[in-house]
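Enquirer: model this:
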Amino acid sequence: MRVRQLTAAAAALLLATGLGGCSGHPAPGRTPAPVPASADPTATTGDVRPADRTAVRDGGVLRWAVDGVPATLNVYQGAATADSALIAHALYPSLFRPDEHGRLVPDPDYLESAESTPPGQRPQVVTYRLNPHAVWSDGSPLSAADLAAQRAALSGLDPAYRGLRPAGYDAVDSVAQGADPHEVRVTFRQPYAEWRSLFGPLYPAAETGRPEVFNRALTGDGHPGAGPYTLSRYDAGAGRVTVVRNPLWWGDVPKTDRIEFLATPPEQRLDALDQDRLDIAPLTAALDRAVPTPEAAATALRRAESLPGVTVHRAAAASLTQLTVNAARTPLTDPAVRRALARAVDRRRIAEAALTPLGLPAAPLGSHLLAGDQEGYRDNSAAAGPADAARLLDDAGWKRPDGGTRTKDGKALALTLLVPAGSVTAKRTADALTADLAESGIALKPVTSPAETFVRDHLAAGDYDLALFSWPAGPGPVGEQRPAYAKPRPGPDGALDPGTNYGRSGTEEIDRLFDRAAAELDPAARLDLLQEADVRIWQLGHSVPLYQRPELVAVRDGVAGAGAFGFGHPRFQDTGWIRER
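Expert: As a prediction, this is how the structure comes out:
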């Protein structure tokens, strides 16, 4: 399950990084395009070198670049990073796993079946049939106790647990063993449509059953896991995490003996690949934040593509880049101005500026809630109103008699644009936005901020007019996206608390649509409610979706099962070296 948050650590990933290669996603040399709602749902949108398991040899070592040894492997703790999630996928179960379009499907290694009571039947009960062979590394089977402990830790019912609170766990009323030890019945106090997003990853009750244990950083060995690999070495000083085959693994035998996750700064990854010290290396940050100018980034990309024995894989990441509009700042308090601004942005030109230099298709986004390669995606941008931004601004009283910057009551329509510092992609996007808005008489001044202050000093404090950043997208759009659009409510001091709705605009109607979608068990009806919510968000002028963040990953030729994963994540037991012919 993706935990939606935008901490300072996440802000460091705003536009540039490849999430440590952990987001699940596409075949060598193939550039994936967003899939419209009518497209073949079985088509892959990632860029991963596929191989039949019989073509992958047994044994060997894979060297995988990460940003650093994670401070924790518990993805539900605030210190977790994308590297935490990547490594956790090798060590811990997920009852469901996302496919290339963000649809959650049962993982047969852990789950034989899962069935929810039909729509309209109360209470909603989901019956899970766990794989009877699935055991933790201490030999104990996966059981209802593990699901119950995780629900207790993440539901918010016990304030002693200091972890994050992913959506859905608070909707669970009880977790109990069913007809036998391998059957688990989860009863919901209210219907929860995105129940498949729960218990992934799943941690053993030994790690979640008590607050004092859950609250500790999950590092080092000695912790039960239940993945194809088990932890062998966790050395922050040496910058190395080593996982080896799990001797108790019951599924397909992992092809690779050992995977080394090596802390490698982005600016060192091209050299490490060239010197044969890495086999898999996310490059988005190396081509974006580790180089000072677009020209240098282009040179670095050409070098990456010319490295002998290495292929650069590309995909649209499971992350939505948007232009967020601060509705608490004059003149953006006027919805008409916000809608006009949305119509003034040429989203295709923006996507071209950001993605074409990286070899990705210029695919603009038209939804706040779904990525272009997710099933059900629809462009709802027409809901913002007439395409003529000039007319909308004229009607709002912002005149442009001399063809320059518009004015009203003696004040110029001049705005600041908050941009993450050091990102070449962000700079290209900001330059294109500045040119776009100037054509409609809106003056834009980009202002950069480092990752460590981007959220705290600007987004959370409301110190900006427009802001450029990315939100993660995942298989649970209701639970994951709702906090960004929930209507700000008064806090204990009476002042409005935006939470993570940094645009600071919202309505009761949008909140109700999200609530109804969360409780709607019929997939088609739920999607209709999401589309209606997206239309209302466009009409509100909350933000402007721009494009999916790029993901570039270098993989040594001969390695199968690795690349740019898009919505998916690695199936580690299939990843390895192809047999020599």
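Enquirer: can you give me the strands for the stretch 51-200 of the chain?
Expert: Under the criterion DSSP state E, counting those that start in this stretch, strands of the stretch 51-200 of the chain are mapped to 61-66, 96-98, 104-106, 111-116, 125-130, 172-177, 183-188.
Enquirer: Mind putting those strands into a markdown table with mean neighbour count and mean pLDDT?
Expert: Placement of C-beta: from N, CA and C, glycine included. A markdown table is the format used below for the strands of the stretch 51-200 of the chain (neighbours: other C-beta atoms under 10 Å; pLDDT from 0 to 100):
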| stretch | mean neighbour count | mean pLDDT |
| --- | --- | --- |
| strand 61-66 | 24 | 98 |
| strand 96-98 | 24 | 94 |
| strand 104-106 | 17 | 95 |
| strand 111-116 | 16 | 98 |
| strand 125-130 | 20 | 98 |
| strand 172-177 | 17 | 98 |
| strand 183-188 | 20 | 98 |
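Enquirer: So, low pLDDT: which residues of this structure?
Expert: Counting by pLDDT under 70, the chain contains low-confidence residues at 1-45, 581.
Enquirer: repeat that with 80
Expert: Where the chain drops to pLDDT under 80, the residues are 1-45, 51, 100, 290-292, 581.
Enquirer: on that earlier part again, would you mind giving the strands of the stretch 51-200 of the chain as TSV with distance to Ser143 added?
Expert: What follows is the strands of the stretch 51-200 of the chain, written out as TSV (distance: least, C-beta to C-beta, whole Å):
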stretch	distance to Ser143
strand 61-66	32
strand 96-98	18
strand 104-106	18
strand 111-116	13
strand 125-130	7
strand 172-177	7
strand 183-188	7
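Enquirer: With respect to Pro483, which of those strands lies nearest?
Expert: Among the strands of the stretch 51-200 of the chain, strand 172-177 comes nearest to Pro483, with 19.1 Å by C-beta to C-beta.
Enquirer: ok, and what's touching that closest one?
Expert: 123, 143-144, 147-148, 151, 155, 183-189, 192, 198 (C-beta atoms under 8 Å, 6 or more residues apart in numbering).
Enquirer: so what strands line up beside it?
Expert: Taking DSSP bridges as the criterion, strand 172-177 sits next to strand 183-188 (antiparallel) in its sheet.
Enquirer: moving C-terminal of the strand it pairs with, what's the next helix or strand?
Expert: Next along the chain after strand 183-188, taking DSSP states H and E as the criterion, comes helix 205-208.
Enquirer: other SSEs contacting that next one?
Expert: Where contact means 3 or more C-beta pairs under 8 Å, 6 or more residues apart in numbering; DSSP states H and E, helix 205-208 is packed against helix 144-154, helix 211-214.
Enquirer: Output stretch 209-216 as CSV, restricted to C-alpha atoms.
Expert: Output of stretch 209-216 as CSV, limited to C-alpha atoms (Å, rounded to 0.1, in the frame of the first residue of the first chain):
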residue,chain,number,x,y,z
GLY,A,209,1.6,-6.0,18.3
ARG,A,210,3.0,-3.5,20.9
PRO,A,211,3.5,0.2,20.5
GLU,A,212,7.0,0.3,22.0
VAL,A,213,8.1,-2.3,19.4
PHE,A,214,6.3,-0.8,16.5
ASN,A,215,7.7,2.7,17.2
ARG,A,216,11.3,1.5,17.1
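Enquirer: How is the closest residue to Ala554 other than its chain neighbours assigned, secondary-structure-wise?
Expert: Of all residues not flanking Ala554 in the chain, Ala281 sits nearest, at 4.7 Å (C-beta to C-beta, 6 or more residues apart in numbering). Taking DSSP: H, G, I helix; E, B strand; the rest coil as the rule, one finds Ala281 in the strand state.
Enquirer: quick one, helices of the stretch 301-450 of the chain?
Expert: 335-344, 347-355, 389-395, 424-439 (DSSP state H, counting those that start in this stretch).
Enquirer: any idea which of those is most buried?
Expert: helix 335-344 (a mean of 23; mean count of other C-beta atoms under 10 Å).
Enquirer: out of the helices and strands packed on helix 205-208, nearest to Pro247?
Expert: helix 144-154 (20.6 Å).
Enquirer: And the closest residue to Ala327 other than its chain neighbours, how close does it get to Gln531?
Expert: In this structure, Ala327 finds its nearest non-sequential neighbour in Ser505, 3.6 Å apart by C-beta to C-beta, 6+ apart. Ser505 sits 19 Å away from Gln531, going by C-beta to C-beta, to the nearest Å.
Enquirer: ok, how many other residues are close to Gly462?
Expert: If you count neighbours by other C-beta atoms under 10 Å, Gly462 ends up with 14.
Enquirer: in what helix or strand does it lie?
Expert: Using DSSP H and E, Gly462 falls within no helix or strand.
Enquirer: Quick check: phi and psi at the nearest residue to it once chain neighbours are set aside.
Expert: Computed as C-beta to C-beta, 6+ apart, the closest residue to Gly462 that is not its neighbour in sequence is Ala328, at 5.5 Å. Note on Ala328: backbone dihedrals following degrees, to the nearest 10 are phi -90, psi 0.
Enquirer: Name whatever forms a beta bridge with the spatially most central residue of the chain.
Expert: Centroid check for the chain by C-alpha atoms, centre = their mean gives Pro472 as the closest residue, at 2.8 Å. Taking DSSP bridges as the rule, Pro472 bridges to Ser319.
Enquirer: And it, how close does it get to Gln481?
Expert: 10 Å.
Enquirer: related to what we said a few turns ago, pick the one among the contacts of strand 172-177 closest to Gly385.
Expert: Distances from Gly385 to the contacts of strand 172-177, taken by C-beta to C-beta, are shortest for Tyr192, at 34.6 Å.
Enquirer: Skip the chain neighbours and tell me the closest residue to the closest one.
Expert: Ala171 (4.2 Å).
Enquirer: before we move on, what about Thr293?
Expert: The nearest residue in space to Thr293 (C-beta to C-beta, 6+ apart) is Val424, at 6.9 Å.
Enquirer: Kindly report the same for Phe261.
Expert: Nearest non-adjacent residue to Phe261, counting by C-beta to C-beta, 6+ apart: Val241, 4.3 Å away.
Enquirer: Enumerate every residue touching Pro499.
Expert: Actually, residue 499 is Gly. It isn't Pro. By C-beta under 8 Å, 6+ apart, Gly499 lies in contact with Pro483, Ala486, Pro488.
Enquirer: wait, the last one sits on Ala495?
Expert: No - between Pro488 and Ala495 no contact is recorded; they are 9.4 Å apart, counting by C-beta atoms under 8 Å.
Enquirer: who's more crowded, the two?
Expert: Pro488 (17 against 9).
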